[in-house]
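**Q** What follows is a predicted protein model with its sequence.
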Amino acid sequence: MKKINFSAGPSILPEQTIEETAKAILDFNGSTLSLMEVSHRGKDFIAVMDETVALFKELLNIPEGYSVILLGGGASLQFCMIPFNLLEKKAAYLNTGTWASKAEKEAKLFGEVVEVASSKPDNFTYIPKDYTIPADADYFHITTNNTIFGTEILTDLDSPVPLVADMSSDIFSRVIDVSKYALIYGGAQKNLAPAGVTFVIIKDEILGKVSRQIPTMLDYRVHIENGSMFNTPPVVPVYAAMQTLRWLKANGGVPAMEKVNKEKAELLYTEIDRNPLFVGTAAKEDRSRMNVCFVMAEGYKELEADFLKFASGKGLDGLKGHRSVGGFRASIYNAMPLSGVQALVDAMKEFEKNNAK
């Protein structure tokens, strides 16, 4: 029995992505060479890079005037690349979790940072709503989905200044209006590909406005001009991302993903709210569709380890919650089928039957 992977990242990937990438690692395009050893400047891999970027633009309906680049370093490198390239005087940040906090910390190295709001005092269990974005900020940074605490911004915000969004864990999970964003970025290992590649979608006109000198490798313009090949790109993760995007397109694109993601989240949250053994940790209006966080209810705390063992016996893997929250976390990214969520719900019901007081 193959396990059902609820891990937060590295996470579940479509079977097509795993199988096709495995084939290419053994023999890329019939070349008898492994994908891991071919030249990134060979025509076959350039075609992979071009298709991956084209699929990004098609599936997200990216307008003219935006570039898509594929880099290394993870989303964490973007925490400093963004202020390096965009922060001249002041930046605004919304603090909704661990990764938002880390992004904000890096920006403070480059200039003034205004934290417009934070849910930290309540352990990041909600998304702040009432705040003012400084009109003189160079940009406003948000993290749309918080993997650790299970909250998500599910609408495209209106901002009086360029809007920058970390969408590491919810990109392609819902329809977005890219034109509302100046820059969207994310690490791949949560909804797109194995770790090693980072995507950046950037509005070209926002670049070149800071007075500081930018190191070559940290200058977005260099990577745009060189088609993401200023240095050797992460070839295998890029190829895997292309396969995921092909799978996504073949399965109805982002609108279809959003529909099934809503169904999966509703199914699981309904069971959490019904089941007397479990309770959700995030405010209901801000619940993530990607990372569902919950704990044992009062009176059942001692059963946490028992449920994890029980779930593991059912082939449900990666459900242990982050140490900051405890309990459980079911990550139900695009590649997670509805049947996987149903299997978890069935396990929760069976565990209730066996343990309810």
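**A** Perfect, thanks for sending it. Residues are numbered from 1 along each chain as shown.
**Q** tell me the domain boundaries of the protein?
**A** 15-250, 253-355 (automatic domain parsing).
**Q** can you give me the mean pLDDT across the last one?
**A** Per-residue pLDDT over domain 253-355 has a mean of 97.
**Q** ok, which stretches of the stretch 101-250 of the chain are helices?
**A** 220-225, 235-250 (DSSP state H, counting those that start in this stretch).
**Q** Residue 334 touches residue 172, doesn't it?
**A** Yes. In this structure, residue 334 is within contact of residue 172 by Cβ atoms under 8 Å, at 6.2 Å. The C-beta positions use only the backbone N, C-alpha and C, and glycine is treated the same way.
**Q** what touches both of those two?
**A** 191, 248, 257 (Cβ atoms under 8 Å, 6 or more residues apart in numbering).
**Q** wait, what's in contact with the second one?
**A** For residue 248, the contact set (Cβ under 8 Å, 6+ apart) comprises 55, 59, 172, 254, 257, 334.
**Q** Any figure for the gap between the fourth one and residue 18?
**A** In this case it means residue 254. Separation of residue 254 from residue 18 (Cβ to Cβ, to the nearest Å): 21 Å.
**Q** where in the stretch 51-200 of the chain is pLDDT low?
**A** In the prediction, the stretch 51-200 of the chain carries no residues with pLDDT under 70.
**Q** just the strands in it please.
**A** 66-71, 90-95, 112-118, 140-143, 145-146, 151-152, 163-166, 183-187, 198-203 (DSSP state E, counting those that start in this stretch).
**Q** quick one on the thing from earlier: may I see the contacts of residue 248 arranged in CSV, with neighbour count and distance to residue 157 as well?
**A** Formatted as CSV, the contacts of residue 248 follow (neighbours: other Cβ atoms under 10 Å; distance: Cβ to Cβ, whole Å):
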residue, neighbour count, distance to residue 157
55, 19, 26
59, 17, 21
172, 23, 19
254, 20, 18
257, 21, 21
334, 27, 22
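**Q** Looking at these, which is nearest residue 13?
**A** residue 334 (9.3 Å; Cβ to Cβ).
**Q** Which strand or helix spans that closest one?
**A** For residue 334, there is no enclosing helix or strand under DSSP states H and E.
**Q** What sits closest to it if chain neighbours are left out?
**A** residue 257 (5.1 Å; Cβ to Cβ, 6 or more residues apart in numbering).
**Q** Just confirm residue 44 is within a helix.
**A** Yes. Assessed by DSSP: H, G, I helix; E, B strand; the rest coil, residue 44 belongs to a helix.
**Q** Ramachandran coordinates for the nearest residue to it once chain neighbours are set aside?
**A** Among residues not flanking residue 44 along the chain, residue 29 sits closest, at 4.8 Å (Cβ to Cβ, 6+ apart). Main-chain torsions, residue 29, degrees, to the nearest 10: phi 60, psi 30.
**Q** What about residue 181, how many residues nearby?
**A** 24 (other Cβ atoms under 10 Å).
**Q** likewise the one 10 residues further on?
**A** Using other Cβ under 10 Å, residue 191 is surrounded by 27 other residues.
**Q** Residue 349 too?
**A** 14.
**Q** Okay, and it sits in which element?
**A** Counting by DSSP H and E, residue 349 is found in helix 338-355.
**Q** Give the buried residues for that helix.
**A** 340-341, 343-345, 347-348, 351-352 (16 or more other Cβ atoms under 10 Å).
**Q** about what we covered before: now for the strands of the stretch 51-200 of the chain, which one comes closest to residue 78?
**A** Per Cβ to Cβ, nearest to residue 78 of the strands of the stretch 51-200 of the chain: strand 183-187, 4.7 Å.
**Q** which residue packs closest to the residue positioned nearest the centre of the chain, ignoring adjacent ones?
**A** Of all residues in the chain, the one closest to the mean position by Cα atoms, centre = their mean is residue 169, 1.4 Å from it. Excluding its sequence neighbours, the residue lying closest to residue 169 (Cβ to Cβ, 6+ apart) is residue 190, at 4.0 Å.
**Q** Same question for residue 326, what's its three-state structure.
**A** coil.
**Q** is it true that the residue nearest to residue 44 touches residue 43?
**A** No. Using Cβ under 8 Å, residue 29 makes no contact with residue 43, being 9.8 Å away.
**Q** and the residue nearest to the centre of the chain, what does it touch?
**A** 8-9, 145, 147, 186, 190-191, 290-291, 331, 333.
**Q** One more pass at 6 Å, please.
**A** 145, 147, 190-191, 290 (Cβ atoms under 6 Å, 6 or more residues apart in numbering).
**Q** Give me the phi and psi angles of it.
**A** According to degrees, to the nearest 10, residue 169 has phi -110, psi 0.
**Q** Could you report the separation of it from residue 97?
**A** 11 Å.
**Q** again, but for residue 250
**A** Taken as Cβ to Cβ, the span from residue 250 to residue 97 is 33 Å.
**Q** what does residue 179 give?
**A** 26 Å.
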